[in-house]
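Student: next one to model:
(one chain, ligands or ions: 1)
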Amino acid sequence: MSLEARHVLEFPGGYTRTTGPVIGRFLTELRDGRVVGVRTAAGRTLVPPLEYDPDTGDAVTGEFVEVGPAGTVESWSWVRTPRKGHPLDRPFAWALIRLDGADTALVHAVDAGDAKAMRPGLRVRPRWRAERTGHITDIESFVPEVTRIVSPVRAEYVVKPGLALARFLEGIARGTFIGCRCGSCHKVYVPYRMSCPECGVVITEEVELPDTGTITTFAINNLPDPRAPEVPFVSAYILLDGSDIPMIALVGGVAAHEVRQGMRVRAAWVPEEEWTTSMANIKWFAPTGEPDAEL
Ligand SMILES: [Zn+2]
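Tutor: Below you'll find the model as predicted:
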């Protein structure tokens, strides 16, 4: 059996003591939102100030100089589970911080969010309490300086298709490629268009094309794209069977380095219940496994 008795030493009303002129000046400045150090006879600046130079034991000069408020972390200890009475209720670091202009470091909390954010040389600055009373806790904690920002970039826009593109997308909405044939030169274009770019004549004949084709040329992309399966991914010009002009599309279902000119591919459609009137119905084109085509 073990016996224990818990003792608490506490001054419920607070234990009042005088600070002396040096510490008193430091705390008064804190109350006013400034940090000061005191000069030693040797010319060093002690922060927090002491009444005696720890090197020589001589009284300090009584000359106060403002320091910081930013400073540099020299070392730290990470507190994973803060306790009652700690300055923060979330994990933080107890750190030795040397404020700019000081020759000694003070101990204070750094609200870094994550232990991985702590490193020697980390630049920090104080986060002051709104209500200050002349106490070291007038600085709630130190926080890392902002050294970089992440700027979100996003563009969202609506494309209104013209008549020809609308006609093409109507086909895509039911799983088919709609092209057209020029009545003059007999070239077949896909997507559907209303005039021939070579002859300039109005096109009236609509043709449905299969969803198979041949890669005529391609590019391997190493920058991520929200539509692409992974990085690197391949975008390619694909000549649909029966058409005379290739269209651009993603290639998937094959390693990027295996894609080649002449490769036979077929559209990989998303499940039919997910079809809309957009090119999102086609995930990409995937190899059919047929022998390569002559270009
Ligand atoms: Zn034509």
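Student: who in the stretch 151-295 of the chain is up against the ion?
Tutor: 182, 184-185, 196, 198-199 (C-beta under 5 Å from the ion). Where C-beta positions appear, they are placed from N, C-alpha and C, glycine not excepted.
Student: how does it look with 8 Å?
Tutor: With C-beta under 8 Å from the ion as the criterion, the stretch 151-295 of the chain meets the ion at residues 182-187, 196-201, 203.
Student: pLDDT added to those residues, as JSON lines?
Tutor: Formatted as JSON lines, those follow (pLDDT from 0 to 100):
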{"residue": "182", "pLDDT": "94"}
{"residue": "183", "pLDDT": "94"}
{"residue": "184", "pLDDT": "94"}
{"residue": "185", "pLDDT": "94"}
{"residue": "186", "pLDDT": "95"}
{"residue": "187", "pLDDT": "95"}
{"residue": "196", "pLDDT": "91"}
{"residue": "197", "pLDDT": "87"}
{"residue": "198", "pLDDT": "88"}
{"residue": "199", "pLDDT": "89"}
{"residue": "200", "pLDDT": "87"}
{"residue": "201", "pLDDT": "91"}
{"residue": "203", "pLDDT": "92"}
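Student: for those residues, which one is nearest residue 286?
Tutor: Nearest to residue 286 among these, counting by C-beta to C-beta, is residue 187 at 27.1 Å.
Student: can you redo the residues of the stretch 151-295 of the chain next to the ion as JSON lines, where the extra columns are neighbour count, distance to residue 229 and secondary structure?
Tutor: Converted to JSON lines, these look like this (neighbours: other C-beta atoms under 10 Å; distance: C-beta to C-beta, whole Å; DSSP: H, G, I helix; E, B strand; the rest coil):
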{"residue": "182", "neighbour count": "22", "distance to residue 229": "35", "secondary structure": "coil"}
{"residue": "183", "neighbour count": "13", "distance to residue 229": "40", "secondary structure": "coil"}
{"residue": "184", "neighbour count": "13", "distance to residue 229": "41", "secondary structure": "coil"}
{"residue": "185", "neighbour count": "11", "distance to residue 229": "37", "secondary structure": "coil"}
{"residue": "186", "neighbour count": "11", "distance to residue 229": "37", "secondary structure": "coil"}
{"residue": "187", "neighbour count": "17", "distance to residue 229": "33", "secondary structure": "coil"}
{"residue": "196", "neighbour count": "19", "distance to residue 229": "35", "secondary structure": "coil"}
{"residue": "197", "neighbour count": "10", "distance to residue 229": "32", "secondary structure": "coil"}
{"residue": "198", "neighbour count": "12", "distance to residue 229": "35", "secondary structure": "coil"}
{"residue": "199", "neighbour count": "14", "distance to residue 229": "39", "secondary structure": "coil"}
{"residue": "200", "neighbour count": "9", "distance to residue 229": "40", "secondary structure": "coil"}
{"residue": "201", "neighbour count": "12", "distance to residue 229": "40", "secondary structure": "coil"}
{"residue": "203", "neighbour count": "21", "distance to residue 229": "35", "secondary structure": "coil"}
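Student: where do the helices sit along this structure?
Tutor: Ranges of helices within the chain are 20-31, 163-173, based on DSSP state H.
Student: same for the last one, what does it pack against?
Tutor: Read that as helix 163-173. Where contact means 3 or more C-beta pairs under 8 Å, 6 or more residues apart in numbering; DSSP states H and E, helix 163-173 is packed against strand 177-181.
Student: which residues touch residue 115?
Tutor: 78, 80, 91, 93 (C-beta atoms under 8 Å, 6 or more residues apart in numbering).
Student: gap between it and the ion?
Tutor: To the ion, residue 115 is 68 Å away according to C-beta to the ion, to the nearest Å.
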